[in-house]
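> Below is the sequence, then the predicted model.
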Amino acid sequence: MKQQKGVTLVELMVTVSIVAIILAFVAPSVQSILIKNRIVAEINETSSLIQYARHHAIDEQALVVVCPSADYSNCSTDWNDPKIVFIDDDANTIRGANEELLVSIGKTSQASVMTNTNAIIIFSETGEANLATEILLCHKDGEAKYARALSVSLQGRVKMSSDSDRNGINENAAGTELSC
């Protein structure tokens, strides 16, 4: 009797069919996980930048500005641009030649959209923010289940949105569901 050294075409086709069926069910959930992870990573990076700016303002006893900037000098209103942090010695919200760039982060990914109720966040020497603000980060498809937000209070505290009622949509600091 001869010993078998491979698989038949029928066995191979059955195996490929089973793998295709499993992938058809798994692929959409994997994509959703990847989108959520990318959004969370971007909102965490922005949160770290803002918290760094606040702590630096307190440590250096200076006005520290956080804002989006396409050219790393002039603040813009588009939070999809790179974000910069600098000490604003002359209090004009423009990074002058003698004002050092403390830290920056890159543009928001092309798959995400970031908005803010205020264009510029300024921290005083005591760590207080100039205005309470909310930064909203959404996936480009606009689905609320992917939305995340950062709230910056007048005291300068940064709070990330959470899904307190466990319905799949995060709420901001006021308890309102996020929408894109």
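Arrived safely.

> rest of the way, CA atoms for contacts and neighbours
OK.

> can you pull the contacts of D78?
D78 makes contact with P68, S69, T115, A119, according to CA atoms under 8 Å, 6 or more residues apart in numbering.

> tell me the SS of it?
Following DSSP: H, G, I helix; E, B strand; the rest coil, the label given to D78 is coil.

> can you tell me how far it sits from T8?
60 Å (CA to CA, to the nearest Å).

> Ok, A147 next?
As judged by CA to CA, A147 and T8 stand 49 Å apart.

> ditto for N167
Applying CA to CA to N167 and T8 gives a distance of 49 Å.

> Kindly report the same for T115.
57 Å.

> Can you pick out the residue with more neighbours from these two?
Remark: of T115 and T8, T115 carries more neighbours, 17 against 9, as counted by other CA atoms under 10 Å.

> Within the helices and strands, which one has the more buried one?
T115 belongs to strand 112-116 when assigned by DSSP states H and E.

> what sits up against that strand?
Taking CA under 8 Å, 6+ apart as the rule, strand 112-116 contacts 39, 78-80, 108, 133-140.

> Now do the same contact list for H56.
By CA under 8 Å, 6+ apart, the contact list for H56 reads V64.

> Is the closest residue to L131 other than its chain neighbours in a helix, a strand, or coil?
Closest residue to L131 apart from its sequence neighbours, by CA to CA, 6 or more residues apart in numbering: L154 at 5.8 Å. Under three-state DSSP, L154 falls in the coil class.

> Settle this for me: L154 is touching A129, isn't it.
Yes. Using CA atoms under 8 Å, L154 is in contact with A129, at 5.0 Å.

> who has more neighbours, these two?
A129 (23 against 15).

> For burial, what's the neighbour tally of I94?
I94 - counted by other CA under 10 Å - has 19 other residues nearby.
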